[in-house]
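> What shape does this take:
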Amino acid sequence: MLLKMAFRNVLRNKRRSILTAVGIIIAVMLIIYAQAFITGMVDSMIENTARIKSGHVRVVTPEYLRRERLSPLEESVFITPELEEMVETTPEVTAYTYRIPFGVLLSKDERSKPAFGTAIDVEREKDFVDLSGEPYLVRGSYLEPNDEAILIGKGLAEELGFSVGDSLVIITADAFGAPSGANLTVKGIIEIGQPNLDDNAFYIPLAAGQQLLDLGGRAAEVLVLLDARDNSEKVASRWQAEAGDAMGLQFVPWQQDDVLGFLHVVFRIYWVIYAIILLIASATIINTMLMAVFERMKEIGILKAMGMRGNRILWLLTAEASMIGLFGALIGAVLGVVLALVAPEVNFSSLSGQDLGSIYINPIIQLQLTPGVVFACFAFGWFIATFTALYPARQGTKVQPAEALRRV
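Got it, this is the predicted structure:
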């Protein structure tokens, strides 16, 4: 009975009910689209940063992890058959690679510049960031495992005047502090689209890096990609329990990376922002229900005089707002999905060439929309609309029958 009365009251003033719902419609629609965009952007940041920097699981020695800022290469990981077997037989693993990051002084003729090098397993690295072709390889060709050659960032090559085929001198210290150097040939010039890499970084084969740094049979870190990055903590914990002490290794999931962990937390904070947006949009619900209470003061007084209790009147008025909220949230959810399908990507090319530090992001953000997110936004909008109606509905329960009946 009360639901029928509430439905009738909503239809009593169709124009006002529709205008009230418009605020919820727009808010839910934009929140669904924004959530799809934020999910796509954060996913792009995490996945690209994992591939370029941290992996889904990172394998290092505890001492290397503790003193990483000092680049303690003497604490590198021994590449053993036991370690490779453990990684390769784990069903969640899709790829892994070895890397040795190190600092050097690059020189050509009279010019020199500090730069950051990475010795890479040239074949396994293709599963992380494939530098062997478009869009990364600008000129020249990719490395071979036994090359005495280098891939150099485009900005760094331009600054020092390097071209494909040129020779350059690397001056550094090996893992134990002794001076070391190498004369390498520029085999290719790459452009990753991240200024901190393109202007400062280069890559050499793992074997050349091990020889340069006196790290035969070792790598500074092993990076692992999984079938789903959400499995990283489970896999890292299992490896740590099975082999951490025996192999003297630390297995670090990507969530423990400072930058990636922060992004993971920020993603959740957006839901608080969405709640604020919905509360602002629901101000129309409060205004409409207050108007309804004042306009129907006499009607409410009659209902009270006929014996309807205050909690029933509260339920009636809240049900009216809930119906408007349900209509608005449902239409908003449908329009949000349609908008995401019509515009499934956002071009962030303005970020190309911007130095974002240790965050790596694609300029084209692909929206990621799931049924769970759509339903959550719909339910969230409906709940907020209903919740904000409680105050004006509560005001309706305070109407005194005698005073209400005296009103014209």
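> domain parsing for the protein?
The chain is divided into the following domains under automatic domain parsing: 2-49+261-405, 62-248.
> least reliable of those going by mean pLDDT?
Between the domains of the chain, the lowest average pLDDT goes to domain 2-49+261-405, which shows a mean of 72.
> circling back: next, format the domains of the chain as CSV and append mean neighbour count and distance to Gln255.
C-betas here are computed from N, CA, C, even on glycine. Rendered in CSV, the data for the domains of the chain read as follows (neighbours: other Cβ atoms under 10 Å; distance: least, Cβ to Cβ, whole Å):
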stretch, mean neighbour count, distance to Gln255
domain 2-49+261-405, 17, 5
domain 62-248, 17, 6
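> Would you mind giving those domains as CSV with distance to His56 added?
Formatted as CSV, the entries for the domains of the chain read as follows, by distance: least, Cβ to Cβ, whole Å:
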stretch, distance to His56
domain 2-49+261-405, 9
domain 62-248, 4
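> quick one: which of those is nearest Trp254?
domain 62-248 (5.4 Å; Cβ to Cβ).
> Quote the end-to-end distance of the closest one.
Domain 62-248 has its terminal residues 7 Å apart, counting by Cα to Cα, to the nearest Å.
> how far does that domain sit from the chain's center?
Here domain 62-248 is found 25 Å from its chain centre; the criterion is Cα atoms, centre = their mean, to the nearest Å.
> I'd like the numbering to begin with 24 instead of 1 from here.
With 24 as the first residue, the last one maps to domain 85-271.
> Which parts of this structure are strands?
With DSSP state E as the definition, the chain shows strands at residue ranges 80-83, 100-101, 116-131, 134-143, 160-163, 172-176, 190-196, 202-213, 224-228, 241-242, 244-249, 273-276, 368-370, 387-389.
> mind checking which of these is nearest Gln234?
strand 202-213 (7.8 Å).
> That closest one pairs with which strands, parallel or anti?
On the basis of DSSP bridges, the sheet neighbours of strand 202-213 come out as strand 160-163 (antiparallel), strand 172-176 (parallel), strand 190-196 (antiparallel).
> Name the surrounding residues that touch the second one.
To tie it back to what came earlier, the one meant is strand 172-176. For strand 172-176, the surrounding residues in contact (Cβ atoms under 8 Å, 6 or more residues apart in numbering) are 154, 163, 165-166, 185, 191, 193, 207-215, 220-228, 231.
> now do the first one
Counting by Cβ under 8 Å, 6+ apart, strand 160-163 makes contact with 154, 174, 177, 186-187, 209-214, all of which sit outside it.
> Considering the residues you listed, which is situated nearest to Asn254?
Leu154 (26.6 Å).
> how about that closest one, what does it touch?
148, 160, 165, 174, 211, 213, 215, 226.
> Same check on Val369?
Val369 makes contact with 60, 63, 387-388, 390 under the criterion Cβ under 8 Å, 6+ apart.
> Reformat those residues into CSV and put distance to Gly126 next to each item.
Putting the contacts of Val369 into CSV (distance: Cβ to Cβ, whole Å) gives the following:
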residue, distance to Gly126
Phe60, 37
Gly63, 34
Ile387, 33
Ile388, 33
Leu390, 39
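> Look up how far Val82 lies from Ala264.
Using Cβ to Cβ, to the nearest Å, one gets 14 Å for the distance from Ala264 to Val82.
> what do you get for Leu272?
With distances taken as Cβ to Cβ, Leu272 is found 6 Å from Val82.
> Please identify which of these two sits among more neighbours.
Residue environment comparison for Leu272 versus Val82 gives the larger neighbour count to Val82, 25 against 22, counting by other Cβ atoms under 10 Å.
> And the pLDDT for the more buried one?
Looking at Val82, its pLDDT reads 95.
> residues making contact with stretch 99-112?
With Cβ under 8 Å, 6+ apart as the contact definition, stretch 99-112 has outside contacts at 82-84, 87, 116, 119, 121, 123, 198, 238, 240-245, 247, 262, 265-266, 270, 272.
> at 10 Å what do you get?
Here stretch 99-112 makes contact (Cβ atoms under 10 Å, 6 or more residues apart in numbering) with 80, 82-84, 87, 116, 118-119, 121, 123, 144, 198, 229, 233, 236, 238-245, 247, 258, 261-262, 265-266, 269-273.
> Across the sheet, point out what pairs with Leu248.
Going by DSSP bridges, Leu248 is paired in beta bridges with Ala118.
> Isn't it up against Ile75?
No. Assessed by Cβ atoms under 10 Å, Leu248 is found out of contact with Ile75, at 11.9 Å.
> Touching both of those two, which residues are there?
Common neighbours of Leu248 and Ile75 (criterion: Cβ under 10 Å, 6+ apart): Phe151.
> Against Gly178, how distant is the residue nearest to the spatial centre of the chain?
Using Cα atoms, centre = their mean, the residue of the chain that lies closest to the mean C-alpha position is Val65, 1.7 Å off. Computed as Cβ to Cβ, the Val65 to Gly178 distance reads 27 Å.
> now do Glu265
To Gly178, Glu265 is 43 Å away according to Cβ to Cβ.
> got it, and Ala118?
Using Cβ to Cβ, one obtains 28 Å as the distance from Ala118 to Gly178.
> Repeat that for Met64.
Applying Cβ to Cβ to Met64 and Gly178 gives a distance of 25 Å.
> can you check Gly163 too?
Using Cβ to Cβ, which is the criterion applied here, Gly163 is 16 Å from Gly178.
> and Ile213, what is it in contact with?
Contacts here follow Cβ under 10 Å, 6+ apart; on that basis Ile213 touches 152, 154-155, 158-163, 165, 174-177, 179-180, 220-221, 224-226.
> residues in contact with the nearest residue to Asn169 once chain neighbours are set aside?
Sequence neighbours aside, Ala230 is the residue nearest to Asn169 in space, at 6.1 Å (criterion: Cβ to Cβ, 6 or more residues apart in numbering). For Ala230, the residues meeting the contact criterion (Cβ under 10 Å, 6+ apart) are 142, 144-145, 168-171, 239.
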